[in-house]
Every structure is written in C-alpha cells, then in structure tokens.
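Participant: Provide a 3D model corresponding to the input given below.
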Amino acid sequence: MFKVDWDRYPVEEYARQVLSTFDLTDHVLRIDSREKLAALRHLPSVKDLAINGCFTSAELRTGLRGGPWNELIFRQNPCMTELSFLADCAEQLKGLFLGFCPAVRDLGPLAALPALRLVDLDMSRVPYAALAATASKALDSLKLNRLTAERLSQLPAQRELRSLTINGTVPLEIDSLEGWTRLQKLELETRTPVRPLLAALRRSPQVAHVALSLPSLTECADERPVPSVESLVLALGTDMLGLDRIPRVFPGPRWVMLAPPTDVVHVDLTPLQAMPRCRVIVTGRAEITGGEGLDVGR
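Facilitator: Predicted structure coming up:
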C-alpha cells in the first residue's frame, strides 16, 4: 500500500512521517521522481530500489551516496551516462539491473564492486568488450538482454561465472564455451543452432543445467548424446514432436521442464519413460498422458 500511497501525498512528509515507521528491508521501493530520491535519507531500512526515469549520474551520486543498497534497478533512464557513483555502494551492492539506459557504455566501475553477485544488462547499446569489467570471482549470475551478437565467442569469456542467461534480438550460435571454465547453468531465451550448441556442451561438461528455446525437438535428430546435462528446460515454439530425442540426446537429467506451444492441447510423455524416476514438469494446460515411472507434475 505504501508504494501507491506515496504518490498521493507530499513526498518528503510522507516518507518522514509514514514510510519511516515501516520496516522496508524486504521491499523494493520505486523511485520515479527527484523528490523521492531526496527523501531516501529518511528511510534507513530501505535496501532495494527500482529507479525509473531520467536521473543524471550526478543526481544519483547525491541521492544514493552512503546508502545500504543491496539491489539497484535502473530502468528507462536516457540521462545516466556513467556508473562511477556506484563506488559509494561498493561494499554491499549485490544486484545491479540496467534496463534501457542507452547512454551507459562503460561498465568499468563494476570491477570495483566486490560484493556484486548478479548483473542484469540491456546490451542493445553496450559494446561487447565492456563485459570484461563484470568478470570477477564474486559474480555468480549474468543476464544479457537484447544482445545483438551472433556468436558467443564475440563476448569476453567469464572464467568465474556460474550462471549465464541470454535473451538476444538475433539467433545466437554457441560456437564455443572455452574460457567459461566454471559455468554451470546456461539459459538461452533466444534461438540458437542446435548442432554447435550440443558440440560445445560435450566439450564443457561442467555445464549441467541447460534451458533452450527451440521450434521443435526434431532439430535434434541424429545428434550425439550430451551425458553431462543434469537438468533441462525446453521451451518449444512449434510442436511437441520428437520427444524421443530427449533421452537419446540428454540421457542424464533427473529434472526436465517442458513448455509446449500455447496451441498444443495434448502431451504424450511415453517417449520419456526411458528416463525412469526423472521429474518431468509440463507447463500450460495441455492434457498429459503417458509417463509411467516418471514423477510428473505441473
């Protein structure tokens, strides 16, 4: 309620007299005006912010200096040109999200944030080479949105990273995972050619958790097995044909999630019975049949 009410009353008075009486530790507070940014000095329990709108880097430096920020989300900000103001949050900042901040091109200040665990970036304007600044022993998870690269090898490899999620504007070829030596989880929310991806996974057995978006599993015909995958998420865009390819190409998973196309009304899990005791989750409302010996759920 307080997030909505703040827009209905004088900003500073409401922050000082009302919001300051709440424990806001577990809430993400929305900041969409300079008055709200200035009023943060009255809210010492706030740790997570979603800052929407046009704030300059200088304004953010003044408004955020010395705060106990755990997570900062910046969206729709064409006025922010650089990130050096984050140095004042260096000791505790764990999560950083940049969504459409087109003037930010240099990620260098991120290299000085020792607690940073999660980075979520809009890559539509950021040079690929800038990602080298996110490489650190502390960073666990990196999500790249609106990526325009056509091959993963165009990005600097992150030797310490454990989780990589990519949402691209063009198909992305996973031509190599060399250098991503500790990567355990790969989520691809964009189209990717299957054959080079599977070849890269066979060469990188440390990647045990994989999520793919495919038109159909028929693309996996005649592919060699990738035994190292332990959990698998498949978002299928066209049909549910070729489910028998899953146990052939991915013989090792104990957990599989299937997201059928929205127009599919029936899913037959009989081909997956070759994976006994596997947990299989099917999203959506399609009728499920088959699956004897599987742990099937929604």
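Participant: tell me which residues in stretch 263-274 are buried?
Facilitator: Residues of stretch 263-274 classed as buried: 264, 267, 269, 271, 272 (neighbour count, 16 or more other C-beta atoms under 10 Å). Bear in mind the C-beta positions are built from the backbone N, C-alpha and C, glycine included.
Participant: same deal with stretch 188-197?
Facilitator: By 16+ other C-beta under 10 Å, the buried positions in stretch 188-197 come out as 188, 189, 190, 191, 192, 194, 197.
Participant: Which of those residues sits closest to residue 33?
Facilitator: For those, the residue nearest residue 33 by C-beta to C-beta is residue 189; the value is 32.6 Å.
Participant: what pLDDT does that closest one get?
Facilitator: For residue 189, the model assigns a pLDDT of 95.
Participant: Could you tell me the phi and psi values at it?
Facilitator: As for residue 189, its main-chain torsions (degrees, to the nearest 10) stand at phi -100, psi 20.
Participant: What's the local residue count around the residue lying closest to it once chain neighbours are set aside?
Facilitator: Nearest in space to residue 189, with sequence neighbours left out and distances taken as C-beta to C-beta, 6 or more residues apart in numbering, is residue 167 at 4.1 Å. By other C-beta atoms under 10 Å, the residues close to residue 167 number 17.
Participant: again with the one 5 residues further on
Facilitator: Burial measure for residue 172: 25 neighbouring residues, criterion other C-beta under 10 Å.
Participant: For it, give me the backbone phi and psi.
Facilitator: When quoted as degrees, to the nearest 10, the phi and psi of residue 172 stand at phi -120, psi 120.
Participant: ditto for residue 186
Facilitator: Residue 186 adopts backbone torsions of phi -130, psi 120, taken as degrees, to the nearest 10.
Participant: residues contacting it?
Facilitator: By C-beta atoms under 8 Å, 6 or more residues apart in numbering, the contact set of residue 186 is 164, 174, 177, 201, 207, 209, 210, 211.
Participant: From residue 33, how far off is it?
Facilitator: Separation of residue 186 from residue 33 (C-beta to C-beta, to the nearest Å) stands at 39 Å.
Participant: what's the offset of stretch 234-241 from the middle of its chain?
Facilitator: Once both centres are worked out by C-alpha atoms, centre = their mean, to the nearest Å, stretch 234-241 turns out to sit 22 Å from its chain's centre.
Participant: I'd like the numbering to begin with 322 instead of 1 from here.
Facilitator: Got it, the first residue is 322 from now on, which makes the last one we talked about stretch 555-562.
Participant: sorry, back to before: quick one: the residue nearest to residue 510 and residue 444, what's the gap?
Facilitator: Taken as C-beta to C-beta, the span from residue 488 to residue 444 is 9 Å.
Participant: which neighbours do those two share?
Facilitator: 465, 466, 467, 468.
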